[in-house]
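A.B. asks: predicted model and sequence below, questions to follow.
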Protein chains: 2
Amino acid sequence: MKLAEQSYRDLGMKLTPQRLAILNYLDGNTLHPSADDVFRSVRRRHPTMSFATVYNTLETLKQRGRLIELTGDPDKKRFDPNTTPHHHLICTGCRRIVDIMADIPVTSAAAGFAGFRVLGHHIEFTGLCPACQKKK
Amino acid sequence: MKLAEQSYRDLGMKLTPQRLAILNYLDGNTLHPSADDVFRSVRRRHPTMSFATVYNTLETLKQRGRLIELTGDPDKKRFDPNTTPHHHLICTGCRRIVDIMADIPVTSAAAGFAGFRVLGHHIEFTGLCPACQKKK
DNA sequence: TTTCTTGCAAAGATTTTGCAATTGC
DNA sequence: GCAATTGCAAAATCTTTGCAAGAAA
């Protein structure tokens, strides 16, 4: 399977070893890694990889809808290669983020609020993961 | 009305002019200001105010449940003095955040997911505010 | 060849911290 | 007076940017 390779072609982005490594690391990854997580992982096989390349690539992929930038972690941006609409469960103890693929109906009571054009919504459940429940 | 003053007493925090100014600025403010917004506003009447005081105060107030830290703005932390459960509408163009006080039922299908103890949830609606709709 | 991408280093922005001086209680 | 708080400056993070060199198409 050459999902990553195909993605770059489809998105009209040049195919580079660094970019391939980035998407190969992200695809199927449900840990919602930060840019630094991506950098540190990918650098193992690509020692010359720079932050700039990671940030540039993530930014471009985001703009083209190939991944989502999450805001649930107050300390840094996290990235989600899963672009299917879904929600998240965030551990306030360790910042772990878990996908919730369940379809949760939300009455669009907010549509049109304040003249906004509502384009999407995302539910953030907060709580404590099993490990952090024990620590407390 | 001395809401701010009373708050600090109730929370067991010492009452200082800086702290009073911070809560007085926040209470009733629906702009969801950042720490820097707070700093710049409060400094007008308290020229010696420092970042440290703003950050310390916001952090303590947050820990004691007197305000909420929002993560919806990817660039910085924003603060909400409204601790009544509610949701937000975020303009992806200008980062404006609007309160949605409507009670939106969410089937707690996620309760117990992955062994988490779910403590709360928050819906982020995204879209474009009236001004940003015109710009595009 | 032409255009885009990479890597490096420096800069920007936000947030945190150490500590002496000051203030609230 | 004691303990908590302030202010200043420096540092720690995270993220972005300019630009020359290099690689993709």
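C.D. replies: Received the coordinates, thanks. Numbering: from 1, shown residues only, chains lettered A, B, ... in the order given.
A.B. asks: next up, identify which helix or strand A:Phe79 is on.
C.D. replies: Under the criterion DSSP states H and E, the helix or strand holding A:Phe79 is strand A:78-80.
A.B. asks: I meant to write A:Glu59 there.
C.D. replies: Using DSSP H and E, A:Glu59 sits within helix A:51-63.
A.B. asks: touching DNA strand C at all, that helix?
C.D. replies: Yes. For helix A:51-63 and DNA strand C, the contact criterion (CB under 7 Å from any atom of the strand) is met by A:51-53, A:56-57, A:60. C-betas here are computed from N, CA, C, even on glycine.
A.B. asks: please, where are all the helices along chain A?
C.D. replies: Using DSSP state H, the helices found in chain A span residues A:3-11, A:17-26, A:35-43, A:51-63, A:130-135.
A.B. asks: how about those in CSV, adding mean neighbour count, mean pLDDT and distance to chain B?
C.D. replies: Output for the helices of chain A, formatted as CSV (neighbours: other CB atoms under 10 Å in any protein chain shown; pLDDT from 0 to 100; distance: least, CB to the nearest CB, whole Å):
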stretch, mean neighbour count, mean pLDDT, distance to chain B
helix A:3-11, 15, 95, 20
helix A:17-26, 20, 97, 18
helix A:35-43, 18, 97, 12
helix A:51-63, 16, 98, 10
helix A:130-135, 12, 91, 4
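A.B. asks: next, format these as CSV and append distance to B:His87.
C.D. replies: As requested, the helices of chain A are exported to CSV (distance: least, CB to CB, whole Å):
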stretch, distance to B:His87
helix A:3-11, 33
helix A:17-26, 29
helix A:35-43, 28
helix A:51-63, 24
helix A:130-135, 25
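A.B. asks: contact partners for A:Asp73?
C.D. replies: A:Asp73 makes contact with A:32, A:34, A:90, A:95, A:97, B:71, according to CB atoms under 8 Å, 6 or more residues apart in numbering or on different chains.
A.B. asks: list only buried entries from the residues you listed.
C.D. replies: Among those, those scoring as buried are A:32, A:34, A:90, A:95, A:97, B:71 (criterion: 16 or more other CB atoms under 10 Å in any protein chain shown).
A.B. asks: against A:Arg40, how distant is A:Gln18?
C.D. replies: Distance from A:Gln18 to A:Arg40, counting by CB to CB, to the nearest Å: 14 Å.
A.B. asks: got it, and A:Lys134?
C.D. replies: 28 Å.
A.B. asks: roughly how far is stretch A:125-134 from the heart of the chain?
C.D. replies: Put simply, stretch A:125-134 sits 21 Å off its chain's centre (CA atoms, centre = their mean, to the nearest Å).
A.B. asks: repeat for stretch A:118-132
C.D. replies: Offset of stretch A:118-132 from its chain centre (CA atoms, centre = their mean): 14 Å.
A.B. asks: and that stretch, what's buried?
C.D. replies: A:121-129, A:132.
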